[in-house]
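Undergrad: Curious how this folds, go ahead:
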Amino acid sequence: MTPPVDRVQAAIEAVLRAHRGLATPRGAFSKCKQVTAALGAQLERAGVEFRVLRLAQASKGFPDADPRWLKLGKPSWWIHYVVEVEGQAIDLTARQFDPASPHPLLTPMRDVHEVWQEIEVVPLEEVWPNRRPAAASLGL
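TA: Presented below is the predicted three-dimensional model:
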């Protein structure tokens with residue numbers, strides 16, 4: 001079942017309003033975990049099924065990435081977080097790696113697999129440690 005696009009779009013827009021500056025490499029730098037938690041919370045409240053993904057081992061270079069990433073070492077050492085909904089990755093901090101990337105970046109998972117060698121589904125609690133499950137999941 002495909003989630004209602006309007007609920008996904010509303011969740012994205014709510015996070016972008018709350019986390020200004022993500023459209024620039026500097027503003028998006030090292031915010032993927034925090035922003036993924038915020039997007040997950042919005043999607044959960046909207047009743048949209050999603051998965052949190054931890055990406056690692058980038059197989060390509062990002063020569064235009066925020067300079068702080070470049071100082072940390074090669075891209076194969078970097079870790080990144082995104083949300084997946086129905087086979088589409090939603091990346092609100094992609095510009096930290098590529099300033100020319102669409103914002104927000106919505107891309108098929110096959111494209112994510114071309115860039116990141118390790119893709120792991122992780123519990124939402126990994127990015128949102130103080131999470132309180134939505135009332136619907138508690139049966140209330």
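Undergrad: residue ranges for the strands of the chain, please.
TA: 51-58, 79-85, 88-91, 105-108, 116-122 (DSSP state E).
Undergrad: now these in CSV, with distance to I12 and mean neighbour count?
TA: C-beta coordinates here come from the backbone N, C-alpha and C atoms, glycine included. Shown next, in CSV, are the strands of the chain (distance: least, CB to CB, whole Å; neighbours: other CB atoms under 10 Å):
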stretch, distance to I12, mean neighbour count
strand 51-58, 15, 19
strand 79-85, 9, 22
strand 88-91, 7, 23
strand 105-108, 8, 16
strand 116-122, 20, 14
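Undergrad: Which of those strands sits closest to L43?
TA: strand 79-85 (6.9 Å; CB to CB).
Undergrad: Each with direction, which strands does that closest one pair with?
TA: When pairs are called by DSSP bridges, strand 79-85 turns out to pair with strand 51-58 (antiparallel), strand 88-91 (antiparallel).
Undergrad: okay if I get those strands as TSV plus distance to A14?
TA: TSV is the format used below for these (distance: least, CB to CB, whole Å):
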stretch	distance to A14
strand 51-58	17
strand 88-91	13
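Undergrad: just to revisit the earlier point, make a markdown table out of the strands of the chain and add mean pLDDT and distance to F97.
TA: Formatted as a markdown table, these follow (pLDDT from 0 to 100; distance: least, CB to CB, whole Å):
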| stretch | mean pLDDT | distance to F97 |
| --- | --- | --- |
| strand 51-58 | 95 | 8 |
| strand 79-85 | 96 | 8 |
| strand 88-91 | 98 | 9 |
| strand 105-108 | 97 | 10 |
| strand 116-122 | 95 | 11 |
